[in-house]
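S.K.: coordinates only, sequence not included:
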């Protein structure tokens with residue numbers, strides 16, 4: 001999947017401090033800072049490639065990878081293009 005711009009984007013995240021770009025490149029990610037039910041959230045938007053859509057339509061799954069040793073609270077959903 002590729003990160004994609006969204007009209008609500010209001011900030012860009014870069015690689016974490018101390019990140020070794022030569023070991024694993026980490027690009028910029030446009031995000032939206034928002035608050036839902038009084039809790040801050042960060043949202044990024046991703047668009048699957050044609051090949052990924054074919055895999056999903058054939059029963060494939062979406063995998064969420066987090067760098068580190070724990071899984072922070074996260075959610076995946078589908079949103080209509082506006």
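M.R.: Great, that's in hand. The structure displayed is predicted, hence computed values, not measured ones.
S.K.: mind checking the backbone torsions on residue 6?
M.R.: The phi/psi pair for residue 6 (degrees, to the nearest 10) reads phi -140, psi 150.
S.K.: Excluding chain neighbours, what is closest to the residue positioned nearest the centre of the chain?
M.R.: The structure's the chain has its C-alpha centroid closest to residue 44; by CA atoms, centre = their mean the separation is 4.5 Å. In space, and not counting its chain neighbours, residue 44 is closest to residue 31: 5.0 Å by CB to CB, 6 or more residues apart in numbering. (Each C-beta comes from the backbone N, C-alpha and C, glycine too.)
S.K.: Report the distance from the helix or strand hosting that neighbour to the chain centre.
M.R.: Counting by DSSP states H and E, the element that carries residue 31 is strand 29-36. The chain centre lies 11 Å from the centre of strand 29-36; the measure is CA atoms, centre = their mean, to the nearest Å.
S.K.: And it, what's buried?
M.R.: 29-31 (16 or more other CB atoms under 10 Å).
S.K.: got a list of what the residue nearest to the centre of the chain touches?
M.R.: Residue 44 makes contacts with 3, 29-32, as judged by CB atoms under 8 Å, 6 or more residues apart in numbering.
S.K.: which one of the residues you listed is nearest residue 74?
M.R.: Distances from residue 74 to the contacts of residue 44, taken as CB to CB, are shortest for residue 31 (13.4 Å).
S.K.: That closest one against residue 43, yeah?
M.R.: Yes. Between residue 31 and residue 43 there is a contact under CB atoms under 8 Å: 6.4 Å.
S.K.: Distance-wise, check the residue of the chain most remote from its centre relative to residue 74.
M.R.: In the chain, counting by CA atoms, centre = their mean, residue 58 sits farthest out from the average C-alpha position, at 22.6 Å. The gap separating residue 58 from residue 74 is 25 Å, by CB to CB, to the nearest Å.
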